[in-house]
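> when you get a sec, could you give me coordinates for this:
(chains A, B, C and D)
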Protein chains: 2
Amino acid sequence: MPEKKHIANIKDVASVAKVSTATVSRYLNGNLNRMSSKTAERVKVAIEKLEYVPNSAARQMITKSSKMIALIVANTDDYFSTEVFKGVSSILESYGYIGMMLDSDSDIVRERKLMSVVNSNTFDGLIIQPFNSIGSIEESIHRNIPIVIVDREMDQAPWVQVITNNYEVSREAASYFMKQGFTRFIVLTSKLSAATNRRERYRGIESVAKNIEVLEVSESLYNHKEIYDNLVKLLTESKERTVIFALKERWLLEFVPNLILKGYIDNVKATATGFADTTMARQIEPKMKLISQDPFLMGAGCAEIMVKRLKGEVQKENVIVVPATFH
Amino acid sequence: MPEKKHIANIKDVASVAKVSTATVSRYLNGNLNRMSSKTAERVKVAIEKLEYVPNSAARQMITKSSKMIALIVANTDDYFSTEVFKGVSSILESYGYIGMMLDSDSDIVRERKLMSVVNSNTFDGLIIQPFNSIGSIEESIHRNIPIVIVDREMDQAPWVQVITNNYEVSREAASYFMKQGFTRFIVLTSKLSAATNRRERYRGIESVAKNIEVLEVSESLYNHKEIYDNLVKLLTESKERTVIFALKERWLLEFVPNLILKGYIDNVKATATGFADTTMARQIEPKMKLISQDPFLMGAGCAEIMVKRLKGEVQKENVIVVPATFH
DNA sequence: CTGTTAGCGCCTTCAC
DNA sequence: GTGAAGGCGCTAACAG
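Down below sits the predicted model:
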């Protein structure tokens, strides 16, 4: 019958080491210079003996800091999100902070709930790929903790934003194909109205191309065969040289391989491109030119800014662009 | 020049509402039945006016609970991990808990560090896909919080484990191909010795097949062309009907499409199968039979067990198997 | 129905 | 170089 393990606190350590709690506290916080090495040793031994671990909740109350940063993403399943997280974590780690990922699952209510948790003093900062509007964030977070926005451009937002050059790089890619003689574009995308990023990408294409067909695919419920057949129809109904331009890697991976296999995409009459963060897309056809963002770097950038803000430094620029490349 | 926002505390609310802090506390915790609706209303108004949010650190000190559960995964980039997280989150949410994902990045030191954070009283429970050994976990976590292991089988572990039937399903798949007349297997895998899961899968194949070639690929630094050429060589050097069996989806996605494209995999002389959690692999070739785990369900299972433990209920079984399917 | 009070575990002056 | 004591914000008895 295992006794409920008593969790040692600073008092226990003090009494075992025969010193005051103040001394233990000093030891814990590295103020060893103001302490004889003998007492330090005694404290050390006591801590080990009792398997003592400082209670971070109590600590937080005094220091007003937990060394934890929350990253709220729209969908953990996206490679983009997890890479951002890896970037965030790696930088934070080097500064003694720790990053944790929360998933809003593109759900407004859920995002609100998560933000209210972040708002209840457990986190020192928030990095967020927001789904809600600015107003909603301001409502939810009324402590003045540092906030960094990632992957979303918000015009009037009072926080630093780390984003990609969606418009420019899409434009660059579209121009390239125009020059190659591909003058017709089939844009394969999730609902355009739902996200500013997608619209930016579309605008980039639109800025150089005239002949554009848009094929919107519903993220959750879509009929693979129907979309595929539609693509085939679009590809075959015109004599114009055509590019399939996927605004999201997923659609590239789902439809393009088959189109290549069946000969509809031959790089002469038709070709394909799109946004592709993983290396997988480039395996489909090594010669295919694609757009790659750098989510890891974006995350790292967010974390750097966060740490600066935590130190009290003020960030001058309000928008940081981590360029995507077309290659 | 914005004043440093004063953060309201329970005292402020009490004084504005002209009640005691105890009453506010009762209101916060939903003990409304023992309170006149007038005072409740006054408290409500005061809270809104002051934009008051309870300090969770202070709360934790008393209640010894944060309602937060940590999920430590080996690699956030894996679809498997993020799906587990989604399963965990969705169940926890319905019980008023909140899940957060931490990434050990398959690094022993990092995992230790994360566990020590979890150990410092900020989390009510830990779900972990461990990279370290049992001993290491026991060393790091000496509070008696509930721990659930996911995706790793640990013989002597004192915690509940939620796993997949790696051995059985691999065996089932291998038998199927044997019956179809495919008697030679090329196992495409990351280093076998590094993970029990992979070894289990290999054992499953081995239990029915005799002619097995193993091709180990290094996760981080591998030469795509070299591996590919090697596969082609293996496929062509024997007259025996052969299955390429990928123990990890990534390898399936990286090499099989090209092999199909180039005609090496024709489903007559050679075919392919493997573990595939995402739907992407099934797009490569709809007729291909693959093994799918159910990470979402595994996560949900972990969370259910966690919640039960948190309520004080004891879990009878020590190992929960969420079967994968071959189809 | 409502208020008073004693801590939770820790850090931080202020003394000695 | 070390200790005593107050207080961070909240909850949970215990009174009334």
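
> now do the contacts for A:Leu126.
A:69-72, A:115, A:118, A:141, A:145-148 (Cβ atoms under 8 Å, 6 or more residues apart in numbering or on different chains). For the C-beta atoms, the positions are set from N, CA and C on the backbone; glycine is no exception.

> ok, it to DNA strand D distance?
A:Leu126 is 19 Å from DNA strand D, where distance means Cβ to the nearest atom of the strand, to the nearest Å.

> helix or strand: which one has that residue?
If you go by DSSP states H and E, A:Leu126 is part of strand A:125-128.

> so where do the strands sit in chain A?
Taking DSSP state E as the criterion, chain A carries its strands at A:68-73, A:98-103, A:125-128, A:147-150, A:160-163, A:184-189, A:211-216, A:242-246, A:270-274, A:291-292, A:319-321, A:325-326.

> mean pLDDT for these - can I get that in TSV?
TSV is the format used below for these (pLDDT from 0 to 100):
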stretch	mean pLDDT
strand A:68-73	97
strand A:98-103	97
strand A:125-128	96
strand A:147-150	95
strand A:160-163	96
strand A:184-189	96
strand A:211-216	95
strand A:242-246	97
strand A:270-274	96
strand A:291-292	96
strand A:319-321	95
strand A:325-326	96
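
> partners of the strand holding A:Leu126, with directions?
strand A:68-73 (parallel), strand A:147-150 (parallel) (DSSP bridges).

> of those strands, which is nearest B:Glu153?
Nearest to B:Glu153 among the strands paired with strand A:125-128 is strand A:68-73; the distance by Cβ to Cβ comes to 30.3 Å.

> contacts for that closest one next, please.
A:81, A:84-85, A:88, A:92, A:97-104, A:111, A:114-115, A:117-118, A:122-130, A:299, A:303, A:306, B:100, B:117, B:122.

> quick one: buried ones out of these?
A:81, A:84-85, A:88, A:92, A:97-104, A:111, A:114-115, A:117-118, A:122-130, A:299, A:303, A:306, B:100, B:117, B:122 (16 or more other Cβ atoms under 10 Å in any protein chain shown).

> for the residue lying closest to A:Lys44 once chain neighbours are set aside, give me its contacts.
Excluding the flanking residues, the one nearest A:Lys44 by Cβ to Cβ, 6 or more residues apart in numbering or on different chains is A:Tyr27, at 7.3 Å. Residues near A:Tyr27 by Cβ under 8 Å, 6+ apart: A:35, A:40, A:43-44, A:47.

> number of nearby residues for A:Val314?
6 (other Cβ atoms under 10 Å in any protein chain shown).

> let me see the contact set for it.
Applying Cβ under 8 Å, 6+ apart, no residues contact A:Val314.

> now do A:Glu213
A:184-187, A:234.

> distance of it relative to chain B?
The spacing between A:Glu213 and chain B, counted by Cβ to the nearest Cβ, to the nearest Å, is 23 Å.

> how much space separates that residue from DNA strand C?
62 Å.

> and the residue lying closest to A:Ala57 once chain neighbours are set aside, what pLDDT?
If the residues on either side of it in the chain are set aside, A:Ala57 comes closest to B:Gln60, at 4.0 Å by Cβ to Cβ, 6+ apart. Looking at B:Gln60, its pLDDT reads 94.

> for A:Lys5, same thing?
60.

> also the one 5 residues further on?
We note a pLDDT of 95 for A:Ile10 in this prediction.

> distance check, A:Glu240 against DNA strand C.
69 Å.

> and if you look at A:Arg250?
Distance from A:Arg250 to DNA strand C, by Cβ to the nearest atom of the strand: 47 Å.

> which residues does whichever residue of the stretch 51-200 of chain A sits closest to DNA strand D contact?
Here the stretch 51-200 of chain A gets closest to DNA strand D at one residue, A:Met61, 3.7 Å apart by Cβ to the nearest atom of the strand. Each residue near A:Met61 by Cβ under 8 Å, 6+ apart is listed here: B:55, B:57-58, B:61.
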